[in-house]
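In: I would like to see how this sequence folds:
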Amino acid sequence: MDKTFIFFCILFILIGEFILATVMNYLNAKHFKDPIPNDLNDVYNVEEYEKSQAYKLRNYKFGIITSIFSLALILSFLFFGGFAWVDEVALNFTSNTIIQALIFFGIIMLGSDILNTPFSYYQTFVIEEKFGFNKTTHKTFLIDKLKQWAMTIIIGGGILSLVIWFFQWASTNFWLYTWGLITIFILFMNLFYSKLIVPLFNKQEPLEEGSLKEKIEQYATNVGFDLQHIFVINGSKRSTKANAYFSGFGKEKRVTLYDTLINDLEEEEIVAVLAHEIGHYKRKHIIFNLAASILLTGFMLFLLSLFINNPEVSLAMGVDRPSFHAALIGFGILYSPISEITGLLMNYFSRKFEYQADDYAKKTYASNPLISSLKKLSKNSLSNLTPHPAYVFMHYSHPPLIDRVRNLKA
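Out: Residues are numbered from 1 along each chain as shown. You can find the predicted model right below:
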């Protein structure tokens, strides 16, 4: 394969993915004004449904603008030598290949983030603000951005440096050592993300004593689930939207409830949501997702080892000399169709697992409080009750609300 052929493959992938995403979003938008299914008639009244439609339409139109900008940005870099310019800056700064790669990715990622910050700002302080979701202050927005940059530099830069060192040391077998490194990182983050990373952005406190905690502990005891860590996170610091999640395993497993969830739901509904989360643990979904993530990472790295030594992959990005970092950018684009396919498979299993977790909650607790909690959460987030089936197939990790309600009623 010469660089011209690879270049046109990259163009085809970028434009093809843009067209596919645009078509899927358009099909989904055509369903925004569909009548509410009978089983969900109590979610919105007329005024609330009109508000949800306006919210979805506003995000749809804004998404068109951001996707066009993103495509135009990367095509401009490809056609007008953007990658070559950044590579030249890195080359002139140092002869150390690891530092060159760090500078190369640092300029691209920092520049991309700065260019996209106005869109993120508009999403947060205009769209989310208009529809009553935003609780983020300008100070929090800025501090979050700085923290994200710092984490990217420290964690991302550290991992990238080790990967390149593995490549220099082990040549094409570097992927095995990289796979081991990333596996350790994935396991570590699954165990300690809530303990180490979340506190950098949010305040977490143990759930206070009271009837809610007693009901949760009683349910956990009934199903034989050792639950020692129940935390409340101040999600209201940034948004009114509610959530709950399960993290870790073994002695490090914990349940985290957003304070907005506690404010929006009745205690029985919160226990039902918790039962659903415990269902994921009991049905081994967390282990499956973890194993799948590690295996897919290994598959991707193996393919990378086949491409990384091909100089044409680097040259197709417009740079003047082959390099690991330029080839990594090219491979990332070439791999994206495979990533889409694996994403479809993971979404399929995720939707299947959601049904299983719902069934577990229905069997071990009750279906009605879970149904009412799902409806309240959908209402409070102005979610789409009538998504297009093709869009669900492509993008939804959870089944649509109507399907979950009908399954719980069955």
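In: switch to C-alpha atoms for all contacts and neighbour counts from now on
Out: Noted.
In: And for residue 301, nearest residue in space, chain neighbours not counted?
Out: If the residues on either side of it in the chain are set aside, residue 301 comes closest to residue 175, at 5.4 Å by C-alpha to C-alpha, 6 or more residues apart in numbering.
In: Next SSE downstream of the helix or strand that neighbour falls within?
Out: Residue 175 is part of helix 174-192 when elements are defined by DSSP states H and E. Where DSSP H and E defines the elements, the next helix or strand beyond helix 174-192 is strand 204-206.
In: got the buried residues for that following strand?
Out: Burial within strand 204-206, assessed by neighbour count using 16 or more other C-alpha atoms under 10 Å, is assigned to residue 204.
In: Low-confidence stretches in the stretch 151-300 of the chain?
Out: The stretch 151-300 of the chain contains residues with pLDDT under 70 at 252.
In: would you list every one of the helices in it?
Out: 157-170, 174-192, 211-222, 259-264, 267-282, 285-307 (DSSP state H, counting those that start in this stretch).
In: now the strands: where do they sit in the chain?
Out: Per DSSP state E, the chain carries strands over the ranges 204-206, 230-233, 244-247, 254-258.
In: Kindly present these as CSV, with separate columns for distance to residue 358.
Out: Listed next are the strands of the chain as CSV, based on distance: least, C-alpha to C-alpha, whole Å:
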stretch, distance to residue 358
strand 204-206, 26
strand 230-233, 20
strand 244-247, 14
strand 254-258, 17
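In: wait, which of the ones you listed is closest to residue 72?
Out: Among these, the nearest to residue 72 by C-alpha to C-alpha is strand 244-247 (36.4 Å).
In: name the helices or strands packed onto the closest one?
Out: Packed against strand 244-247 by the contact rule (3 or more C-alpha pairs under 8 Å, 6 or more residues apart in numbering; DSSP states H and E) you find strand 254-258, helix 267-282.
In: Redo the ones you listed as TSV? Include mean neighbour count and distance to residue 378.
Out: Shown next, in TSV, are the helices and strands packed on strand 244-247 (neighbours: other C-alpha atoms under 10 Å; distance: least, C-alpha to C-alpha, whole Å):
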stretch	mean neighbour count	distance to residue 378
strand 254-258	22	15
helix 267-282	22	13
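In: so what secondary structure elements neighbour the top helix by length along the chain?
Out: Counting by DSSP state H, the longest helix found in the chain is helix 324-364. Judged by 3+ C-alpha pairs under 8 Å, 6+ apart, the packing partners of helix 324-364 are helix 3-29, helix 97-122, helix 267-282, helix 285-307, helix 311-315, helix 389-395, helix 401-409.
In: which parts of the last one are buried?
Out: Okay, so that is helix 401-409. 401, 402, 404, 405, 407, 408.
In: distance of residue 403 from residue 384?
Out: Plainly put, residue 403 is 13 Å away from residue 384 if you go by C-alpha to C-alpha, to the nearest Å.
In: can you check residue 275 too?
Out: Distance from residue 275 to residue 384, by C-alpha to C-alpha: 24 Å.
In: cool, residue 310 as well?
Out: In terms of C-alpha to C-alpha, residue 310 sits 45 Å off from residue 384.
In: Ok, which of the helices and strands packed on helix 324-364 comes nearest residue 374?
Out: The nearest among these, by C-alpha to C-alpha, is helix 401-409 at 7.4 Å.
In: can you list the buried residues of helix 401-409 in JSON lines and add pLDDT and distance to residue 57?
Out: Putting these into JSON lines (pLDDT from 0 to 100; distance: C-alpha to C-alpha, whole Å) gives the following:
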{"residue": "401", "pLDDT": "94", "distance to residue 57": "19"}
{"residue": "402", "pLDDT": "95", "distance to residue 57": "20"}
{"residue": "404", "pLDDT": "95", "distance to residue 57": "24"}
{"residue": "405", "pLDDT": "95", "distance to residue 57": "25"}
{"residue": "407", "pLDDT": "94", "distance to residue 57": "29"}
{"residue": "408", "pLDDT": "94", "distance to residue 57": "30"}
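In: and which of the residues you listed is nearest residue 222?
Out: Nearest member of those to residue 222, counting by C-alpha to C-alpha, is residue 408, at 20.9 Å.
In: The closest one touches residue 367, doesn't it?
Out: Yes: using C-alpha atoms under 8 Å, residue 408 is in contact with residue 367, at 5.8 Å.
In: what's stretch 23-40 in contact with?
Out: Stretch 23-40 is contacted from outside by 53, 56-57, 60, 375, 384-388, 390-391, 402, 405-406, using C-alpha atoms under 8 Å, 6 or more residues apart in numbering.
In: again, only this time at 6 Å
Out: Contact partners of stretch 23-40, identified using C-alpha atoms under 6 Å, 6 or more residues apart in numbering, comprise 53, 387, 388, 391.
In: got the CA positions of it in CSV?
Out: Extracted in CSV, the C-alpha atoms of stretch 23-40 (Å, rounded to 0.1, in the frame of the first residue of the first chain):
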residue,chain,number,x,y,z
VAL,A,23,-28.0,10.2,8.4
MET,A,24,-28.5,8.4,11.8
ASN,A,25,-29.1,11.8,13.5
TYR,A,26,-31.5,12.9,10.9
LEU,A,27,-33.5,9.7,11.1
ASN,A,28,-33.6,10.1,14.9
ALA,A,29,-34.7,13.7,14.6
LYS,A,30,-37.6,12.8,12.3
HIS,A,31,-39.1,10.9,15.3
PHE,A,32,-38.9,13.7,17.8
LYS,A,33,-42.5,14.7,17.3
ASP,A,34,-43.9,11.1,17.3
PRO,A,35,-46.8,10.6,19.8
ILE,A,36,-45.8,9.2,23.2
PRO,A,37,-46.3,5.4,23.6
ASN,A,38,-49.3,4.5,25.7
ASP,A,39,-47.1,3.0,28.5
LEU,A,40,-45.3,6.3,28.8
